[in-house]
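Chemist: Kindly return the folded structure for what I paste below:
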Amino acid sequence: SKMAVGLLILLPIFLIHAQNPWDDAEIKARKFVSELTLEEKVSLSAGIGWAVGTCVGNTPPIPRVNFPGLCLEDSPTGVRYTDHVSAFPAGINAAMTWDRDLIYRRGVAMGEEYRGKGVNIALGPMMNMGRVPAGGRNWEGFGGDPYLTGECAAAAIKGIQSQGVMANAKHYIGNEQEHFRLQESSNIDDRTIHELYAYPFLKSVQAGVASIMCSYNQVNNTYACQNDRTLNQILKKEFGFRGFVMSDWDAAQTNVPSVIAGLDMMMPGDPDYAVEVIQAAKNGSLPMGRVEDLAVRIMTPYYLLGQDKNFPAVNFNAFHPEQSKMVNVAGDHHKIIREVAAASHVILKNHGNFLPFPKSISFGGVSTFGLIGSDAGLTDNGPNECPDHGCDFGTLAQGWGSGTTNFPYLISPMAGIQSRASKNGQTVTWTLDNWNIDSAVAMAKSVDVAIVFTNADSGEGYITFDGNAGDRNNISSWNNGDALIEAVANANQHTVVVMHSVGPLLMPWANHPNIKAIVFAGLPGQESGNALADVLFGDVNPAGRLVFTIAKNRSDYPAEVLYESSEKYPQIDYKEGRYIDYKWFDLKNIQPTYEFGFGLSYTTFEYSNLKIVKHNATEFDVMVNVRNTGQRDGHEVVQVYLGFPGEDEPIRQLRGFHRVHVAKGASHEVKMEIKTLEMSIWDVTMQRWRVKQGQYQVYVGASSRDIRLTSSFQVQ
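Modeler: Numbers count the residues shown, from 1 in each chain. Predicted coordinates for the structure are as follows:
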């Protein structure tokens, strides 16, 4: 049929676009590798060990051929374990902008910093899927939808790699919780792997990603770094990935069997690795061609990104900071950090257009602000007081673990709001003790507007804080937050709530009549307070949108962290399949507090004139007119969801979005392309992507539930 013909072009799409650069780089890599001894080839893939070199991961130099070795360094929020770098907004905030260009520019700035420090391989972006709301590392990723995550990942990768730094897509695959991450088996069916968890990695391959990191856990009872199905078959063969696979740090359980199954680089290094691999190659149990292959895979992106020419030497030491050369690579990146941070703030509630605050104290204006809660301020010991940010004191602007970077400074909400309010002649006061409710109530009663702050933290499982072993124990506000908010709201009828959180929070107070506005600020990075003030005072018209569902009850979510098990290898069955986040809420008809894709603006938008323009049977454009009907210029995030024909399909799946700026009173026609892949399902029997025949529903709107226009079309 015609349909089948259209689908054969799917897998090589990326190679068609970028044929020459990768081919040319591979020719150079093959020539380089051909001149190496067996020992030298293997050394390309052999980390030298933890805390032995200058970076968190290092491969040895090969002086004979002037190869300096490779430096691998965390993290998805900036260069870890060093000085004079920036602390960027977290992945979750980048995603909440729904803006590919901003995410790309954030990636460019990060790439500049990595390059300036001499880092060959930046260990990000992270693209796990937020299957469980309490998952410790969800904040490092891009939320709960594979299409959105894939688009964010592609933009981040292109940005980082534009600077000649290799990006690293991680953690492949099914590393959705921290508890038992070294033992558990994530048991996932083939269709769910393809359409949900591997989808962002496919998009990363199409974006030209240099490297991919295999995860700690098992997938269907085989470790991810020794998994022929996920590494050789899906990633390298199906997706056509031409770069290299590295292990997460100490994730590989074996040496030679992992290499046979598709692992190309052992991190941070195992003293027996090189010896065993060389021995196996010599005795024939590991094909020589496989050693050649891993060496070529490592060197191809090295040449692709021009790292053989004028790449800076490493000028820092992650483990001995006193040996670092103090090279300042931050440039003017505070500007893009503040822009991304402000664009990622999500207004969840704004009763009677209470925000933005008036800019004068004239009649009816606001004269006094009271900032309430520890999250408004800083701690006594600076923003880097806990190793890898493994604590929650003061305002929260990053989670904890290897996904962090040192703050060069941290603008607290208190500092940002004071700076802004003082220009208006407004007064700011505060009380930062979450447990002193009497003090909070007294302050709330004495000011025009009470801004109450709450947060919730999480991170990587090697750190436990306040009994939370990476994953959150619950999805409620920390530090007495709910009681504080209720008490303040009862005392002041002009209460605003600001939430700094790693993910969804239960909000039992959301409908309190005295709470006039709610801002979800996520983890905004070093410019946190300035970005918040930009939004609260209307210097920026916010356009952030949620990238996950905020539920009314924890039990409304489809899956939960497995906290306890007596099994040696705990089995985590992904019984919900493809139905995570909003797809589950839609399937079960559960009303959330705030839905995926939701967020308010200080203006209003009207949608009209929906058109479907077909290119061929499986590719089309969705065109829609967006008019700004309010009083301010602003951005709208237009979202396209598809309803697929047939049984067992989500009611709606995000398949397009565009953040568009529209001046007040003006209109803008928005065009979103839907490609064949976005139209496809993974056919488990045929083992290929296939476009179903039948009627497709098209939903265009401002969130997954705020659908403004609908249409449909047939695929025969």
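Chemist: Residues touching stretch 298-308, excluding its own?
Modeler: 21-22, 24-26, 28-29, 32-33, 44-45, 70, 120, 161, 164-166, 208, 210-211, 242-244, 264-265 (Cβ atoms under 8 Å, 6 or more residues apart in numbering). Bear in mind the C-beta positions are built from the backbone N, C-alpha and C, glycine included.
Chemist: biggest strand in the chain by residues?
Modeler: strand 605-616 (DSSP state E).
Chemist: Could you list every helix and strand that that one packs against?
Modeler: Applying 3 or more Cβ pairs under 8 Å, 6 or more residues apart in numbering; DSSP states H and E, one finds that strand 605-616 contacts strand 619-628, strand 634-643, strand 694-701, strand 707-715.
Chemist: Single out the most deeply packed of these.
Modeler: Among the helices and strands packed on strand 605-616, ranked by average contacts under mean count of other Cβ atoms under 10 Å, first place goes to strand 634-643 (a mean of 23).
Chemist: can you give me how far whichever helix or strand comes after it is from the chain middle?
Modeler: Note on strand 634-643: by DSSP states H and E, the next helix or strand toward the C-terminus is strand 653-662. Taking Cα atoms, centre = their mean, to the nearest Å, one finds the center of strand 653-662 at 18 Å from the center of the full chain.
Chemist: ok, and what's touching strand 653-662?
Modeler: By Cβ under 8 Å, 6+ apart, strand 653-662 touches 97-99, 145, 147-148, 151, 543, 583, 597, 605, 622, 626-628, 633-644, 668, 670-674, 678-679, 704.
Chemist: before we move on, the earlier item: possible to save the helices and strands packed on strand 605-616 as a markdown table with mean pLDDT and distance to Asn317?
Modeler: Shown next, in a markdown table, are the helices and strands packed on strand 605-616 (pLDDT from 0 to 100; distance: least, Cβ to Cβ, whole Å):
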| stretch | mean pLDDT | distance to Asn317 |
| --- | --- | --- |
| strand 619-628 | 97 | 50 |
| strand 634-643 | 98 | 42 |
| strand 694-701 | 97 | 51 |
| strand 707-715 | 96 | 54 |
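Chemist: Among these, which comes closest to Arg181?
Modeler: strand 634-643 (32.5 Å; Cβ to Cβ).
Chemist: low-confidence ranges in this structure?
Modeler: 1-19, 360-364 (pLDDT under 70).
Chemist: same thing but at 80, please
Modeler: Applying pLDDT under 80 to the chain flags the ranges 1-20, 359-366.
Chemist: Report the central residue of it.
Modeler: Gly141 (2.3 Å; Cα atoms, centre = their mean).
Chemist: who's in contact with it?
Modeler: 91-92, 95, 125-130, 149.
Chemist: Ok, Trp249 next?
Modeler: So Trp249 contacts 50, 56-57, 267-268, 402 (Cβ under 8 Å, 6+ apart).
Chemist: got JSON lines for those residues, with secondary structure and distance to Gly373 too?
Modeler: Shown next, in JSON lines, are the contacts of Trp249 (DSSP: H, G, I helix; E, B strand; the rest coil; distance: Cβ to Cβ, whole Å):
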{"residue": "Trp50", "secondary structure": "coil", "distance to Gly373": "39"}
{"residue": "Val56", "secondary structure": "coil", "distance to Gly373": "35"}
{"residue": "Gly57", "secondary structure": "strand", "distance to Gly373": "39"}
{"residue": "Met267", "secondary structure": "coil", "distance to Gly373": "40"}
{"residue": "Pro268", "secondary structure": "coil", "distance to Gly373": "40"}
{"residue": "Ser402", "secondary structure": "coil", "distance to Gly373": "28"}
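Chemist: and which of these is nearest to Thr710?
Modeler: Ser402 (44.0 Å).
Chemist: Find the nearest non-adjacent residue to that closest one, please.
Modeler: Asp74 (5.0 Å; Cβ to Cβ, 6 or more residues apart in numbering).
Chemist: what does Leu286 give?
Modeler: Per Cβ to Cβ, 6+ apart, closest to Leu286 is Ala280, 3.7 Å.
Chemist: Are we agreed that the one you found is in a helix?
Modeler: Yes: using DSSP: H, G, I helix; E, B strand; the rest coil, the assignment for Ala280 is a helix.
Chemist: residues near it, how many?
Modeler: 20 (other Cβ atoms under 10 Å).
Chemist: Same question for Ala617.
Modeler: 19.
Chemist: contacting residues for the closest residue to Met507 other than its chain neighbours?
Modeler: Using Cβ to Cβ, 6+ apart and skipping the chain neighbours, the partner closest in space to Met507 is Thr593 (5.4 Å). By Cβ under 8 Å, 6+ apart, Thr593 lies in contact with 506-507, 510, 550-552.
Chemist: rerun at 7 Å
Modeler: Thr593 is in contact with 507, 510, 550-552, counting by Cβ atoms under 7 Å, 6 or more residues apart in numbering.
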